[in-house]
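**Student:** no FASTA, just this:
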């Protein structure tokens, strides 16, 4: 198969979705084992090219990158006008796999996409107007045109079937993997004192206000390191005693921070899966995680689950995780080992092949 693989979101600094795209591309190449040609492509602005080059460095691919002014407007227009077909730029392909930023037209071949979550549909107050418009248009197109829709959890898959009306036979789970750098052995960050760590873009859905209140209940026993760039909406007040605001942290630094933490805390109100949870487990850190069922598959039986809206419950969960550290670390490492990017790539290939077979 010749697989056209959209990498447009890699033109921005990577967070969760970007990390999934890059990891799944690497896994797809691994699973393809030279039997299939994978062609990454992206229409992007000039400032996005260095991000793309950095993300794809080291992968055995030659990306088709088109530099455009006002790239977002161009991608939106291309999707809405549905012309010219992607074959005009990429040549013939057997599969077109696109993500959230656009839904390119095509003449032929399997049409595939990924839905990470339905936050813009279920919780519009947690997203910006631009995000709502972009994702809702993509959802409609996917429901109408895609042969296969990949999701990153069974939970999200059930959501897609129920809320978008996509037949279950067209939906396939492709769990995220854990990168090779997320291991318990290795250099540990030193922040000057023992710390709890959270990783999250600073936005309402991540629920950092409740975590800050929980941290205040710990009586100064641990610092709270907050790694994540500013998102949208009201920002949490991080200028507090014992709080270490780290800002956006690059992917290479995250494993060091995880290994150095006494505990990882993830009080999100809703996720499509929750990649940082399994990455923390792989690094040998006990995890305290929101009890919302959207994170059940990421947690397995290896995390302390807490009511994310109750600061006392979060604080108690941190105490429990510290007390049960050895057992939680053992379970967590076993659980995280189940998630590999090669398996993600294999899920993609199986989905493409099944769709092509009709």
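**Tutor:** Here it is on my side, so go on. Remember, it's a predicted structure, so these values are computed and weren't measured experimentally. Residues are numbered from 1 along each chain as shown.

**Student:** Going by C-alpha atoms from here, please, whenever you check contacts or count neighbours.
**Tutor:** Fine.

**Student:** for residue 4, phi and psi?
**Tutor:** Dihedral angles of residue 4 (phi, psi; degrees, to the nearest 10) stand at phi -90, psi 120.

**Student:** in a helix, that's where residue 264 is, yeah?
**Tutor:** No: assigned with DSSP: H, G, I helix; E, B strand; the rest coil, residue 264 falls outside any helix and is strand.

**Student:** Can you verify my assumption that it contacts residue 283?
**Tutor:** No: using CA atoms under 8 Å, residue 264 makes no contact with residue 283, being 10.3 Å away.

**Student:** does residue 192 belong to a helix or a strand, and which?
**Tutor:** According to DSSP states H and E, residue 192 maps onto no helix or strand at all.

**Student:** name the element residue 114 belongs to?
**Tutor:** Following DSSP H and E, one finds residue 114 within strand 110-115.

**Student:** mind checking how far the helix or strand harbouring residue 289 is from the chain centre?
**Tutor:** Residue 289 is part of strand 287-290, with elements assigned from DSSP H and E. With CA atoms, centre = their mean, to the nearest Å as the basis, strand 287-290 stands 17 Å off its chain's centre.

**Student:** Quick one: residues in contact with it.
**Tutor:** For strand 287-290, contacts defined as CA atoms under 8 Å, 6 or more residues apart in numbering pick out 263-269, 277, 280-281, 299, 302-308, 314, 317-318, 321, 328.

**Student:** Find residues that contact each of residue 264 and residue 283.
**Tutor:** Residues touching both residue 264 and residue 283 (CA under 8 Å, 6+ apart): residue 258.

**Student:** Compare neighbour counts for these two and give me the winner.
**Tutor:** Neighbour totals were compared for residue 264 and residue 283, and residue 264 leads with 29 against 25 (other CA atoms under 10 Å).

**Student:** So the more buried one versus residue 205, what's the distance?
**Tutor:** 18 Å (CA to CA, to the nearest Å).

**Student:** try residue 2
**Tutor:** 38 Å.

**Student:** So between these two, which is more surrounded?
**Tutor:** The neighbour count for residue 2 versus residue 205, taken as other CA under 10 Å, is higher for residue 205 (19 against 16).

**Student:** quick one: that one is in a helix?
**Tutor:** Yes: under three-state DSSP, residue 205 sits within a helix.

**Student:** ok, it - contacts?
**Tutor:** Residue 205 neighbours (CA under 8 Å, 6+ apart): 126, 268, 269, 270.

**Student:** Now for residue 262: which residues touch it?
**Tutor:** 194, 195, 196, 197, 285, 286, 322.

**Student:** In strands only, show me these.
**Tutor:** Those of the contacts of residue 262 mapping onto strands are 195, 196, 197, per DSSP state E.

**Student:** In this structure the first one contacts residue 218, no?
**Tutor:** Okay, so that is residue 195. No: the criterion here is CA under 8 Å, and residue 195 misses it with residue 218 at 11.5 Å.

**Student:** of these two, who's got more company?
**Tutor:** The neighbour comparison of residue 195 against residue 218 (other CA under 10 Å) goes to residue 195, with 23 against 15.

**Student:** For the residue lying closest to that one once chain neighbours are set aside, the count of nearby residues, please.
**Tutor:** Leaving out its chain neighbours, the residue that sits closest to residue 195 by CA to CA, 6 or more residues apart in numbering is residue 223, at 4.4 Å. For residue 223, the neighbour count with other CA under 10 Å is 23.

**Student:** Strand partners (parallel or antiparallel) of the strand holding residue 289?
**Tutor:** Sheet pairing for strand 287-290, assigned by DSSP bridges, gives strand 263-266 (parallel), strand 304-306 (parallel).

**Student:** So for the shortest one, mean pLDDT?
**Tutor:** Here the mean pLDDT over strand 304-306 is 98, rounded to a whole number.

**Student:** Any stretches of the stretch 101-250 of the chain with poor pLDDT?
**Tutor:** By pLDDT under 70, the stretch 101-250 of the chain contains no weakly predicted segment.

**Student:** Do you have the helices of it handy? List them.
**Tutor:** 119-122, 129-145, 154-164, 208-216 (DSSP state H, counting those that start in this stretch).

**Student:** From residue 155, how far out is residue 337?
**Tutor:** 20 Å.

**Student:** And residue 183, by the same measure?
**Tutor:** Remark: distance between residue 183 and residue 155 (CA to CA) = 27 Å.
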